[in-house]
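A.B. asks: fold the following, please.
(one chain, ligands or ions: 1)
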Amino acid sequence: MSSTTSPTSRKRALLAATTAVLALAATASCSSSGSPGPAAGAGGKKIAMITGVKSDPFYITMTCAAQAEAKAKGIGFTADGSAQWDVSVQRPLIDSVGAAHPDGLMISPVDTAALTPSLKQIQASGTKIALVDTSVTDTSVGITRISSDNEKGGQVAADALAKQMGEKGSVIVISVKPGISTTDARIKGFSEEMAKYPGIKVLPTLYDNDLPATAASQIQSTLAAHPDLGGVFAGNTNTGQGVATGLAQAGKQGVVKVAAFDAEPDEITALKNGTLQVLVAQDPAAIGVQAVDELAAAFAGKPVQASIGTTMVAITKDNLNDPQIAKYVYKAAC
Ligand code: T6T
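C.D. replies: Coordinates of the predicted model:
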């Protein structure tokens, strides 16, 4: 990691207070002051952003907030994203952005290793990289890494789901694909926490390549093979959507309990109609804003926080209308 940590004086804790369900406090996060107005040293600077999947409300919410923060600081901003979660789709985007030599690049790499050579080349040419949401194994890439505490989020999903299931029955994890830093951490946290419930049997994890239709058919074939299926952990938005569809098609909504990561509009609808029971919502807007703030600090030669954790909340039907919770619902457009 090519940066120094910032002095504690710049620490700013972002903690979301929730009522009925756990607030997953961030590790103390800090950033340069988010004060509006052209940031010193930022004049004429440009930031490019590449998200994991352009149409994903998680990344749309992040992009909207980053765009607004960049504008407030007088920094040029462009954003793009992959059409789907695939290295071969994201790599050309990285290479074309790299050729433009932006001052800063905010990126959610879709793999922990495959894109590292391209990112190191861009970094070596002088572009400062902020890893947002996902990251890469090579710690020399990026001046800052900003994401939720995904392992903690998986643990909270496990405890919430076990409670919903009466601590008995079979549970399955469905996620995107192996090799994604965030969803891998969620599965790790979930599996380790679920091991504390001897009455619950964890079935082998399935991967849907971020395709809701795949998740829907996977949940139906799992129900056929395991009639005692009592719970599902869905690792992200598209998986949560697909699991909800599959359970509805099987007439099992509300019977099989579901904890899903994220809080995009379709997941909120499924929460309201009782198909999903718990959503572990992240704060993609805070990730986007703090990435811009750290890049602006770097442009100005100020210290940069190497690692920033942002908050998450667990949303249920009972607390969804709490204003402190509702603000975590993702946007489908700015
Ligand atoms: O869950 C988020 C993100 O944190 C993850 O890295 C990939 O999937 C999402 O974008 C939701 O689809």
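A.B. asks: got any ranges where the stretch 101-250 of the chain has weak pLDDT?
C.D. replies: Within the stretch 101-250 of the chain, no stretch has pLDDT under 70.
A.B. asks: can you give me the strands in it?
C.D. replies: Ranges of strands in the stretch 101-250 of the chain, per DSSP state E, counting those that start in this stretch, are 104-107, 128-132, 144-148, 169-175, 200-202, 206-207, 229-234.
A.B. asks: what's the closest of those strands to the ligand?
C.D. replies: Proximity to the ligand (C-beta to the nearest ligand atom) singles out strand 144-148 among those, at 6.7 Å. C-beta coordinates here come from the backbone N, C-alpha and C atoms, glycine included.
A.B. asks: near the ligand at all, that closest one?
C.D. replies: No. Figure legend: strand 144-148 not in contact with the ligand (C-beta under 6 Å from any ligand atom); closest approach 6.7 Å.
A.B. asks: output that strand as CSV, nothing but the C-alphas.
C.D. replies: The C-alpha trace of strand 144-148 is given here as CSV (Å, rounded to 0.1, in the frame of the first residue of the first chain):
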residue,chain,number,x,y,z
THR,A,144,-6.7,4.0,-0.2
ARG,A,145,-9.2,1.1,0.2
ILE,A,146,-12.7,2.0,1.2
SER,A,147,-15.4,-0.6,1.8
SER,A,148,-17.9,-2.1,4.3
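A.B. asks: would you mind listing what in the stretch 51-200 of the chain touches the ligand?
C.D. replies: Looking at the ligand, the residues of the stretch 51-200 of the chain close enough under C-beta under 6 Å from any ligand atom are 52, 56, 58-59, 133-134, 180, 182-183.
A.B. asks: returning to that earlier point: reformat the strands of the stretch 101-250 of the chain as JSON lines; add mean neighbour count and distance to L115.
C.D. replies: Converted to JSON lines, those look like this (neighbours: other C-beta atoms under 10 Å; distance: least, C-beta to C-beta, whole Å):
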{"stretch": "strand 104-107", "mean neighbour count": "28", "distance to L115": "8"}
{"stretch": "strand 128-132", "mean neighbour count": "27", "distance to L115": "11"}
{"stretch": "strand 144-148", "mean neighbour count": "25", "distance to L115": "15"}
{"stretch": "strand 169-175", "mean neighbour count": "24", "distance to L115": "20"}
{"stretch": "strand 200-202", "mean neighbour count": "18", "distance to L115": "31"}
{"stretch": "strand 206-207", "mean neighbour count": "18", "distance to L115": "19"}
{"stretch": "strand 229-234", "mean neighbour count": "28", "distance to L115": "25"}
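A.B. asks: reformat those strands as CSV; add distance to A213.
C.D. replies: As requested, the strands of the stretch 101-250 of the chain are exported to CSV (distance: least, C-beta to C-beta, whole Å):
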stretch, distance to A213
strand 104-107, 28
strand 128-132, 28
strand 144-148, 27
strand 169-175, 12
strand 200-202, 24
strand 206-207, 14
strand 229-234, 14
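A.B. asks: am I right that Q220 is in contact with V243?
C.D. replies: No. Distance between Q220 and V243: 10.1 Å, which falls outside the contact criterion (C-beta atoms under 8 Å).
A.B. asks: higher neighbour count, the two?
C.D. replies: V243 (30 against 16; other C-beta atoms under 10 Å).
A.B. asks: roughly how far does L295 sit from K54?
C.D. replies: L295 sits 21 Å away from K54, taking C-beta to C-beta, to the nearest Å as the criterion.
A.B. asks: so which of those two has more stuff around it?
C.D. replies: L295 (32 against 16).
A.B. asks: next, count neighbours for C334.
C.D. replies: C334: 10 surrounding residues under other C-beta under 10 Å.
A.B. asks: so how far is the ligand from it?
C.D. replies: To the ligand, C334 is 17 Å away according to C-beta to the nearest ligand atom, to the nearest Å.
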